[in-house]
Every structure is written in C-alpha cells, then in structure tokens.
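# build me a model:
(chains A, B, C, D, E, F, G, H, I and J)
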10 protein chains.
Amino acid sequence: MTRDGLTEKILDIKRQRDLKWSDICAHALPLSPVLTVGALLGQMRLGPDAAVKVGTFLALTSDEIKMLGEVPNRGMPMPPTDPLLYRFYELLMVNGPAWKALIEEEFGDGIMSAIDFNLDLGRQIDPKGDRVRLVMSGKFLPFKYYETDHDAAFSVMLD
Amino acid sequence: MTRDGLTEKILDIKRQRDLKWSDICAHALPLSPVLTVGALLGQMRLGPDAAVKVGTFLALTSDEIKMLGEVPNRGMPMPPTDPLLYRFYELLMVNGPAWKALIEEEFGDGIMSAIDFNLDLGRQIDPKGDRVRLVMSGKFLPFKYYETDHDAAFSVMLD
Amino acid sequence: MTRDGLTEKILDIKRQRDLKWSDICAHALPLSPVLTVGALLGQMRLGPDAAVKVGTFLALTSDEIKMLGEVPNRGMPMPPTDPLLYRFYELLMVNGPAWKALIEEEFGDGIMSAIDFNLDLGRQIDPKGDRVRLVMSGKFLPFKYYETDHDAAFSVMLD
Amino acid sequence: MTRDGLTEKILDIKRQRDLKWSDICAHALPLSPVLTVGALLGQMRLGPDAAVKVGTFLALTSDEIKMLGEVPNRGMPMPPTDPLLYRFYELLMVNGPAWKALIEEEFGDGIMSAIDFNLDLGRQIDPKGDRVRLVMSGKFLPFKYYETDHDAAFSVMLD
Amino acid sequence: MTRDGLTEKILDIKRQRDLKWSDICAHALPLSPVLTVGALLGQMRLGPDAAVKVGTFLALTSDEIKMLGEVPNRGMPMPPTDPLLYRFYELLMVNGPAWKALIEEEFGDGIMSAIDFNLDLGRQIDPKGDRVRLVMSGKFLPFKYYETDHDAAFSVMLD
Amino acid sequence: MTRDGLTEKILDIKRQRDLKWSDICAHALPLSPVLTVGALLGQMRLGPDAAVKVGTFLALTSDEIKMLGEVPNRGMPMPPTDPLLYRFYELLMVNGPAWKALIEEEFGDGIMSAIDFNLDLGRQIDPKGDRVRLVMSGKFLPFKYYETDHDAAFSVMLD
Amino acid sequence: MTRDGLTEKILDIKRQRDLKWSDICAHALPLSPVLTVGALLGQMRLGPDAAVKVGTFLALTSDEIKMLGEVPNRGMPMPPTDPLLYRFYELLMVNGPAWKALIEEEFGDGIMSAIDFNLDLGRQIDPKGDRVRLVMSGKFLPFKYYETDHDAAFSVMLD
Amino acid sequence: MTRDGLTEKILDIKRQRDLKWSDICAHALPLSPVLTVGALLGQMRLGPDAAVKVGTFLALTSDEIKMLGEVPNRGMPMPPTDPLLYRFYELLMVNGPAWKALIEEEFGDGIMSAIDFNLDLGRQIDPKGDRVRLVMSGKFLPFKYYETDHDAAFSVMLD
Amino acid sequence: MTRDGLTEKILDIKRQRDLKWSDICAHALPLSPVLTVGALLGQMRLGPDAAVKVGTFLALTSDEIKMLGEVPNRGMPMPPTDPLLYRFYELLMVNGPAWKALIEEEFGDGIMSAIDFNLDLGRQIDPKGDRVRLVMSGKFLPFKYYETDHDAAFSVMLD
Amino acid sequence: MTRDGLTEKILDIKRQRDLKWSDICAHALPLSPVLTVGALLGQMRLGPDAAVKVGTFLALTSDEIKMLGEVPNRGMPMPPTDPLLYRFYELLMVNGPAWKALIEEEFGDGIMSAIDFNLDLGRQIDPKGDRVRLVMSGKFLPFKYYETDHDAAFSVMLD
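Below is the predicted model:
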C-alpha cells in the first residue's frame, strides 16, 4: 500500500459519495481543514483520534487509517504547473528579496518558521470581486550565533 | 547601465549613510514599503513621483531615477538557497495541494491573482516568541469558460 | 481512478467509434471546443451540464462524468518535445522581450490575464498555403501599487 | 562588441532622450514594431535600410548599425520568471494538448510555422477592462511523407 | 491503449516472428523506411493505406491499426544516453555555430525546415571501413519580416 | 561593492599575510570559528563587535566592515562538485530515509532546526588514521497542528 | 521482485503488526539501527545473520531475505522535498564553504570518508526544548599525490 | 586571453571590414569552410598553416594565431534556443529511434563516428523553394566485444 | 516484454539459484564478464552463441534469449547517486581538464574511442589494503580535418 | 585574484613561450604530470616545493605561487560538452551497472577510493592505430557496518 494509492482511493470515495472537503473536515474539527485536507492528500499526518474519526467516516480499513497517522514524505513537484499554485510561487519569486530585506531589518538575522506556523484561509467580500485572503504567521527563529569552548577551530579527542 | 548595477549602487549608498529601509521608504509613503524595497532591489517600478522623491533622497542621477520608474524583468533564481526565502517555498511545496483543493471548493475554478494583490507584513507579539505575520489578499479570478460563435472548432476566413 | 486513466479511456472510445473531436464538442456547444477538448485531455473541467451531455454521448460512467467536472491539476511537461507545440514555445522565447516592451508601453505595468482569457482558432485561406490563425485576448490586469496604513514596514499586533 | 552590450546602449539612449518605442519604430515603418523592437532587444535583425534609419535616429556608430543587421543568436532564458511573459508560457502549458488535437484534426499532420508567421498586437476596448489582443497567423506546414527510390532502407554507394 | 504499449507489442511480434525492419517496411514502400519505422516506434503516423498494410502484416487489431494512423506526441528524452544517438547530438553541439553562420550567409535569415524535410540513409563503401551516410534536405524558410497597416504598435478595436 | 568581491579581497589579504583561519578567528572568539569563517566567505554575518575586531585585524575599510555585519544571501551551488563537500551530500542522500524514520519515531512529527543549531568540529585521534568528527545539535521543532476557530475552511470577512 | 517492492511490503508488515523500528532493529543489535533501517528502506544491505534474524521476525520469504543482503543501488532523489531532510541539505549548502576551509586547514588536502564513517543519533535533554544530536565521524583520507616512474606524461608500451 | 574574447574580436574585424565568411575561408581552402568557421567561432582548431594564413589575413597577433591552433573546449549550450539550430535538435529528437533501429539493422551494433566524419553543405535548387542540403558521412565503428584472458572477472596482481 | 522486465527476471533467477555473476559469465567465456554482465543488466547485447548459452543456463524462454541479443537503448540515469558509481563520475569531474590537456599534447586533436575500447578489472594485492584496478584502452581517433572540392561553402545542385 | 584568473594567466604564458605541458611538468617530477597539470588548471594543489619550482619557471608572483599551493574548489561543469571528455562520461553511463556488480561480487560492499587513487596515462602502440591507455587504481574501502553501544536508536544525554 502506498500513500499515493490511499490518496487516489480517498478521492474516489469523495467523488462517489458526493462529499465536499468540508464534510470530511467536519469530523476532525477544530483541527484546521488545511491540515486535514493536507493529510488526505498525502502531505500531513492526522493524530490518532482524527485519523479514526475521518477514516471511519470514509469507511477506510484499519491499515489505511494507520497510514493516515504516519508522517508522509512531504513535497510536491516544483515548479508548480497548475496556475492556482504557480501564482504563490511567483509571489515569492518576485517579492522574495523585499520580504527578506524587511523581515531582517525588523527581526534581525533569522527566519520565519515553516513548522511552528499557522494559516487561515479567508474570503474577503469585495464589491469589485471577492478576494482570497491568507493570514500566515510563523514564529521568528533567530540564527543561533553559538560559541566554542576551546581555542582552536577543532577540538581534539581520543577515540 | 543595468538594473543590477543600480541595485548595487543603492545598497552601497544605504551602507555608507547607515540608512535603514524604513528611512528610504518614508519618502514614498503611503506606498507599501514592500513595493518600495522591491523597486530598489530591481523587482518593481516606482511611479514618477515616488521615483523622484526616493531618488533625490538617495542622490541618484536623473537617468538612475528614470530607471527606477521602468518595469524591470522580474524574478529571482529559484529554488531559493537562502533559508529565510526557502521557508516560503517549502510552505507552498507542502501545503499547495490543500490550498488548491480548499480554494477551488470555496470559489470555484480560478486563481488568486498575484497582480491585483496586496500584502501586509506584521510582527505578532507572542510571549513564546514573536511571530512574523503576513496577510495576503488577491482578487479571485474565475477561469473564463468562453463560448464560440461558430459551429466548428475552426473559424474560416479569407486572407 | 486517475485523470490520466480517464483520458486514455476517452481516446480509446473516440478511436473505436471513429469520432472526431468536433463530433464530441458538438454536445457542449456553444462552449468553445478548445475548452471541451482541454477538459477531455485533462487540462480543464466541464460544467455539470456539459459534463453530463458529453459523458453520456461517450457512455462514461457517472463517476467518470463527475471527474470531468473536477478541476484537474493543470500543466503538461515543458519544454514541449512535439514540433507543433514547440513552435508556440519558440514564438515566446524569441518574441517575448518585444511583447513585454510593447504591452508595457501601451498599457503600463501589468499583465495580460491567462484566466480571463479567450482564444479563437481559425483557418485563414491563403493561395500560398492556408494559415493557422489564433486570436487571443486576455484582460489587462494592472499591477496593484497598494498602500499601507501604518508608518512602519511592519504593523505590530498582540496575539 | 557584443549584442547584449548594444542592447544595453540602446536602452541607455532611449532613457536619456525620453524616447518611446513608438518613436523609434516610426523610423522603420511599415515594418512591424514587434520586429523592430525585437531587433533592438537582440532577437531579430533589421534589413539594411531599416538599420540605417533606426541607427541614425539613435546616433549609433556604423559598426553598431551593421550589428543591428546581423542575425542574432535568438532566444531568452526559459521558463520566463517575469509575470507578463510567464502568462504566455502558461497558456501553452495548459492549452497545448487541445491546440494540438484541434489543429491536427483541421489541417492534418503538420505544424503552424513560427518563421512564416506574423503577429498583430491590439488593444480591445472593453467596459469591463481593456484587453490585450494578439492575432497570430502562421503558415500551416504539412509533415512531408517522403518516399524512397530504392527498395532497401539503405542505399549503397561507392565512395 | 497507449502508444508505448503498442510499440512494445510490435517489438514483441517482430522478435517472435524473427522479422527485420526491412520485412515490415516492404509493406509500406515506397514510403521511406525512416518514416515507417518512426511510426512503428511511436514518432510518426502512417497514412490509412500504409497503416492497414503494415498492421495486417503484423496481425494488429483494427484499433491498433487506427492508432498507427494517429499523430503521436513526438519526441524522445534528451540528451540521448545511447552512444549511437548521442553522436548526432554532439555533431550539433560542436558544429552548430558554424552551420548557422554558413547557412545564414548563403540563404539569409531563416531556417532549414524540419517538416518539409527528407532524409536518405546510405552505406558508403570504403576500404578503410564503410561509412554511414545521411543525406538530409529541408526547404529553406526565410523569416517573414511582416509589416503593419497601422501606425501604432497596437491596433485599437472595439469589443 | 559585492559580497563576492569582499570575499575575494579577504582571501587575497589572508594569502599575502600568510594568515591561517585560526589567526583570524582568534579575534572573534569565543564565537565559533565555523561562523566566523562562514561570514568571511559570505554565508553568515558577524555581530558589530566581531565585525570591527576582525575587520580591523584585516585592515578592511569601514564600509567593508559594515558589509561583514549584513545578512548575506546564503547558499552555495548544489550539488557540490568538490569531493570534500560532496561526501556530506552523499551521506544525506544515502542515509536520509533512515534518519527521517528514526527521528520521527523518537521525537514525533517535526524537524531538527537548522537555525537554532550548533556544530563542533573535532579531530578524533585514531591509530588507524585520525577521524573528522562533527557534533551537530539542533532544537527539535514539532509540526504545529493548529486549530481553526470557525467551522468552515474559509473565514469570511468584509473588506 | 524489486527493492522498492520489498520496502513497501516491509512497511505494510510494520503497519499491520504495529511495530516500531526499534522492535525490528532489536533483532540486529548491536548493528546500528541507522544501518538496519537503512537496509529495510533499500539503502544498505544487512549481513547474512542480520538479514535472517530480521527477515524471520518480519516473516519474509527466503528470496526476500536474500535481497536484504544484496547491495542496493543507493541514493534518494535530491534535493529533498521533505522538510526534515531538507534541513540537512541546507546545513551543507550554507556551511559547506566554512567546513571545507577549516577541515583543510586542520587536516590538509583530503576528505572525510563517507564510507569509513559512523553516526550516532541522540536526544539531548534541554529545558528550552530537547535537541536532536548527531555525532558523525569519518576517517580523514588525504589526497594521494602520486608519482610517476617515467619522465614523460605518457608511458609507451607495445600492445 | 580567452577563446570567447578571440571570437568576439574576430567578429568585430569581420564586421568592420565587411568580410564574408567565404572571404575568410578562402585563405584556408581546401580545408572545409565548416571547419574554418568552426575554429573561428571557438569550436575547432586550425592547423599551423591555416592558422597563420587566416590569422594574417585578419591581422591577428601572433598569440592569437597560436590560440587558433589550440584545441578548444568544444560544445555550445543545449538545447539550442535559436530556431535554425533547434530544427537540427528536433530532427534528432523525433527521428532518433528510427535512425538507431535502421543503422543497427544494416551495420550491426556500433555507431557512426562523429570524429572520423565529414559534412558537405549544399543548396539544392528547387522551383518550390530552394533547399538546404547536408550530406554527412561518418565511419561506422563496431562496438568491440573484447575477450578476457583469465577465467575470473578480476585479474589478480601483486602491487 | 521490456528489457527492464528481463533484467528483473534475471536478477530473480540469480537470487533464487544462489548464482554468482562469475557462474553465469563462465558460459560466455572468453567474452569479457564486463560485457556479459552489461548485457544481462540491459546495457549491452550478447552475440547469438553467447545469448543461447547464457540464456539456456538461466532457463530463459527463446524470446528472452532473442532479446538478450538485441542492442538495447544504452545509458543509466546521471549523475549516479550510488557511491561506488559516483567515484568514477568524480574522477572525471576533477581530472577531466588534465586528461584532455595531456592526451591532446601526446596524440593531437582527437578522442579516445569509447567503442573500440576494452577494459580489464583487477584486484591489486596491497598490504595497506587491496586496490581496485582498471586498465582501459581505447583507440585514439584523430579529428578528421576534411577538405571540400568546391570553392564555396555551399555546393549547388539541381534537384 | 581568482583561481580562474591564474589559470588564464598560466595558459597565456604557456602560449607566449611555446611551452609544452611536459616542459612545465618536468619541474615537478617525479610528481605525476596528471596532478601538476591538474593544479595548473585549477583542480589540484601543488605542494610548497613543487609550487615554487613550477611557479618560478613560469615567472609567477609569490602570491600566485601561494595560490598554486591552495586547495581549490574542485570540479568542472557536467555533463562534459567536449567530445574527448564526454567519452569517459559515456563509458561510466554505459558500463556503470556492470562495474558495480562485478566489483561488489569481488570485494564486497564498498567503493574504489577516488582519493587514495592513482592513474597512469599511456600510449599503447598498435598497428591498427595507437591506443590511449589508462591504468587506474584506487584503494578498496569497505562500507563500515558500525555498531551501537546502547539499546535504543537514540542515546539520551543531558545538555
């Protein structure tokens, strides 16, 4: 059994039963639907409870439910060929240098964590056309400027 | 004169005069600093007024100020090798499938525009460590399912 | 069931029944045949009505008809190795800089939308040899030069 | 002297003298501005007359004018990172399979020439937002199914 | 049914019946064996007559014979890893600049068509070791330097 | 002034004055020499004190010293072509799957931070040949399984 | 039978029987679990004894056990898309130049062996959050500066 | 002095003196102009006599003439972006499998040499449009199926 | 039947019957085991006699034996990810420039043939650790500096 | 000063003084000319004595002589485009699987070292055409199957 095979099966079930993602995600709430869908598409894992609830709703086997709880090998092929996904790629490609300059000026040397991270997807009502809204926040992690306790670049030790 | 050469000169001036990005961006407000810095790094253009104000502050020549107002050839090398920038790339690579599934379920077939788009960078105070916060919004653009006014796939016309 | 598998099945049916694309597209008119064929080849979706009409004509199962109505993961491998497709790639590679320069001079900073876009394929009768004619039009989208409502590059907020 | 160096010089002159592309192209009319700009950006050549007229207007040296008349090594880096250019790339990546299927059904096995080709750029007035319009036409070239005049795959000849 | 699957089946038949390519190509003469073999390996199509003759000889099904008559998605992976094929790739990589310079000096700006093209494979008897001989000819296609019928780079039209 | 240019200058000075890295790093102790050398090679920054001490020792200009204190655009070309560096790449390529499996079994879903990270280089005396010893430790960061405070995947907000 | 197929089967068994890697590795101790898991995931081989013990515990067939003892074709796709694995890649990409400089200053021209190599994974208890700790050591191998026993670059020998 | 620099200088001279390639090649006849131009563009070397004759005609320095006689590092970037060169690339990509099959059937296992190779460029007069004609011939080199003089795969020898 | 499938079957047989490569190669001696194993792994062909002897020993079907005698599509994915194979790749990457310089100084402009080539693998007994020894020899092939029999770069011929 | 710049200077001197590599290498004998030339081309270092001797003969400055003694960043671009170098690449690509199978059968799991390695280039006189002969030998390094001294995959330690 492969994770890709499980994803294909889940999409088959979703189609046959005319389910929406929100129908499925309701069984894992309050876990963010971004994470639940991510797990069902093979990019995240579900905790044991969520895996059982979602898997039971989808009538998965117990082995398939266990697989939903395993950490997958994350990542999709890049660059994205799909237009919806490419726009995010382009935003980084065009704005990246400015984001780096401004975040470092504000926070110092470090990064925004992609692990201690959360995201909220929203619809922003707008008379000129509704907007997709993403609110992302990630913990700022400063680069650790660590010290050495010996004078040389190399410590020396006996085997 | 190349745009890369202009960027290098601007960074030299910024270093020599101990300027911060916010010192420079102040001359273009209320234009978003993300855009001002983007232009100074060669990814965006400044409108004529902003170009003159920022360029004068930086003591650029009139040709250099004109160049700041030109649309550059946008884009940086990908994938990013810098850790700060890579984290954004990774967020897309890991979360992309879920974002696509959920945005399409909510909005239908289409994309979030990367052109009619705005971004606000924020610092979210947090006792466990402050967080970098990005609020992005882009107009949803539905795929146009256009029609044809003739019966065949190919219209036929005389030269 | 995968989208590639569905495309292969549709091509098998088309071959067995000696159908032309125009025979199939007739069931979705006035939807542009470019879109109908795109959906049958796994790059577009059909709306519910078109999916049922086309799918019934092709004797697809109800699950297959549902899949025709789903947004696919768009994109084909690039660069194209097929000569017919490569010529379009080459046209961009050779003419791209001039298109960019002229469109920006005429419209300002922005892009031609690939989403609010339509295309008409035509045959142009010509005594020296007929010509393939493509009329493309996409809405011009100006880059949004957005403003900020606070003085600093970073807004600050409590959690 | 390199072609890139010449392009940079031309852009410097255009900036210093506040020229528009249309100001420059006027000296080569009725040659299509797409070709004139293409030559000035290093992707096309100008015929001797056009090269002299345009080069004189730009006050180029006689060697530079000669270089404008030379066939360059065509092509820009791909995939395009600039959003305006990427949209054309995406249109091919998404629509390519349908274009191929429909052109081959209409014309038979062959290609649309990218050499015996012409293009007209237009602005289509539209109350919902003006549109960029490209009308392309290329001669259809049928694949030549050539014959052999000997029975074996290999002709045999003495040196 | 996929084209790769058909190619594999044809190779199985060829092996089982101890056929040579020339045995098979004989049924399509005077069509060039380069094209017949190209079609059987999935890079070309056979016209209806040739497809029936060759397909009947190989005892293919009627659907398989139809597939032989379809235009495939052409192209093999590049760069070639096989030594025989790589040598042709290398010839282009090493001699390309000279070929371009000399063809353009002789013919002007344009290309040798790869569509209106023919090829003859030959064995050149040579006491120092026989030689493989390829005679290629392709129609020279001059770049079309097209004109515009309006003064501006952009025509303007109402919707 | 570019960071690459500064690195080249520093290497010139080191060569002319017959300095060792340890001679230079001594001026930044107890900062880890890995970080000091990283900064001098353009991959890290030095804090203001360290930058002044090291820069003064190397007789750099004040602008060069400021540049040493700037966060660079990190990353070197990959895969490494140098044998010493390639061995680390290979260790990951061969052992990566096992490292992932074991770290996730011990710590749960998450990563070892490359930012809150430290490294000690050592020489391990061994009669069969001394060994290079690297002790790395990075904070384990658990993937944040965040929740949503609304029932739908999408929050809805007015502009 | 392929190695990938065997890995998939082992993961199925592990899931069905709710085994941990440590349960499986216990049968190969004191062999390092990094190597045992590496072999089960298709990157290492197990010696005959370990293969039998581990394979028997997993109820593999004798052919599968033999395959566990075969040297695989090592290596996973790079760059890693999974965040846990990418962090190691990034550590090399950012720190590589400093590691090379310091190891060469300490040891001379040569490399750290990735073959005569060992690794210990550890958990470092830390009140600010536990840390993943890797202790790696590889034999230093000096580049062999070999001599020639003839005066010319080329020895000459009769066939 | 670099070979690219020499090529640029030669092109400058050719432009300034309004030379054609055939004017230059005349000084190296009967050496094939393909080779002479190849050398002048940095892909081939000229023998000492030809180098002196051609170099004297072009008024090169004696060091430059020596460089013309050196074997360059051959090869241009691939795939070719220029349309004229791409057509040759495409011919291989589309016809490669058939060429391989037919050459191996005629000659056995081996290759057409790209080293013991010659090429004649021609213009084929044709009322429907002249054709570019390439006649290539390369010595067929059979794969050597060599034998071993010991029974084991490995010979054993004392140091 | 595919060549990869045949290779997998041969490896299955080898494992089931506990064969060594030398056991199999013994049936093709004195053909070099490098070639025999190469054929069994899908990179070379066996001559008819060797194919029958080896295939009979392995109890292959007659079609499989015929396939062993067919020229495969040669080549494995590059760069090699396996450490044993990578070391050869690295030797070329590091030593290539020196090999080229020295071979050309000794032999003139040309190459070492990879087709008229033979290889002997050996074990060199060494008290400091046995060595793998490869003795390669390939015929030197001088670049052919061919002449033309007409004065112009282009011969002209009637169709 | 860059290593590439030094290489270019050395090649200029070699050309101006009509030196052969063997003239230069004579000053470093008995060091293998492969290593001496490798160092002069920027892939190896020379020991202090050899650097002084060779550098003095070439009239290099003392800083340049020091640079010759520094370990360079090794590696050339791959795949090689030059035919002479490509043949070695192809030999690996075609023969790699057989080399791996046979070396592992003879020596067990491990590699041939590319560091404890030596090479002798030779000319093998042959009436059918002289041959290039390479004798390579590298120490066999067995993969270390290391053990752990604790029962768990992870050792646990206090900070």
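# mind listing the strands for chain A?
A:110-125, A:131-142, A:154-158 (DSSP state E).
# wait, isn't A:Phe117 in contact with A:Val135?
No: checked against CB atoms under 8 Å, the pair A:Phe117 and A:Val135 is beyond contact range at 11.4 Å. For the C-beta atoms, the positions are set from N, CA and C on the backbone; glycine is no exception.
# could you check how many residues crowd around the nearest residue to A:Met93 once chain neighbours are set aside?
Distances taken as CB to CB, 6 or more residues apart in numbering or on different chains put B:Gly75 closest to A:Met93, at 4.9 Å, once the chain neighbours are dropped. Around B:Gly75 there are 19 other residues, counting by other CB atoms under 10 Å in any protein chain shown.
# so who does B:Gly75 touch?
Residues near B:Gly75 by CB atoms under 8 Å, 6 or more residues apart in numbering or on different chains: A:Met93, A:Val94, B:Gln43, D:Pro80, D:Thr81, D:Asp82.
# now do it against chain G, distance only.
20 Å (CB to the nearest CB, to the nearest Å).
# distance of that residue from chain F?
15 Å.
# so who does the residue nearest to A:Gly55 when sequence neighbours are not counted touch?
Once flanking residues are discounted, A:Gly55 sits nearest to A:Ile65: 3.5 Å by CB to CB, 6+ apart. Neighbour list for A:Ile65: A:Ala51, A:Val52, A:Gly55, A:Thr56 [criterion: CB under 8 Å, 6+ apart].
# so what pLDDT did the nearest residue to the second one once chain neighbours are set aside get?
Closest residue to A:Val52 in three dimensions, ignoring its sequence neighbours and counting by CB to CB, 6+ apart: A:Ile65, at 6.0 Å. According to the predicted model, the pLDDT of A:Ile65 comes to 98.
# still on that earlier bit, quick one: which of the contacts of B:Gly75 has the most company?
A:Met93 (27 neighbours).
# mind checking how far that one is from B:Gly69?
22 Å (CB to CB, to the nearest Å).
# and for A:Pro33?
Taking CB to CB, one finds A:Pro33 at 44 Å from B:Gly69.
# between those two, which has more neighbouring residues?
A:Pro33 (26 against 18).
# relative to H:Gly42, how far out is the residue of chain A found nearest chain E?
Chain A approaches chain E most closely through A:Thr81 (16.3 Å), counting by CB to the nearest CB. A:Thr81 sits at a distance of 37 Å from H:Gly42 (criterion: CB to CB).
# ok, longest helix in chain A?
helix A:83-107 (DSSP state H).
# one step back: same drill for A:Phe117 and A:Val135, tell me which one is more crowded.
A:Phe117 (22 against 18).
# which ones are touching the nearest residue to A:Ser155 once chain neighbours are set aside?
In space, and not counting its chain neighbours, A:Ser155 is closest to F:Gly122: 4.2 Å by CB to CB, 6+ apart. Neighbour list for F:Gly122: A:Phe154, A:Ser155, A:Val156, A:Met157, F:Val132, F:Arg133, F:Leu134, F:Val135 [criterion: CB under 8 Å, 6+ apart].
# can you pull the contacts of the closest residue to the last one other than its chain neighbours?
With CB to CB, 6+ apart as the measure, F:Asp120 is the residue that lies nearest to F:Val135, at 4.5 Å, once sequence neighbours are left out. F:Asp120 makes contact with A:Thr148, A:Ser155, F:Ser32, F:Leu134, F:Val135, according to CB under 8 Å, 6+ apart.
# lowest pLDDT pick from those residues?
Where pLDDT dips furthest among the contacts of F:Asp120: A:Ser155, at 79.
# what number of residues lie near it?
Other residues near A:Ser155 come to 16 when the count uses other CB under 10 Å.
# quick one: it and F:Ile125 touch, right?
No: using CB under 8 Å, A:Ser155 is not in contact with F:Ile125, being 11.2 Å away.
# for A:Gly129, give me the pLDDT.
pLDDT, read off for A:Gly129, is 96.
# likewise for A:Asp151?
69.
# swap in the one 5 residues further on?
Looking at A:Val156, its pLDDT is 79.
# who's it bridged to?
F:Arg123 (DSSP bridges).
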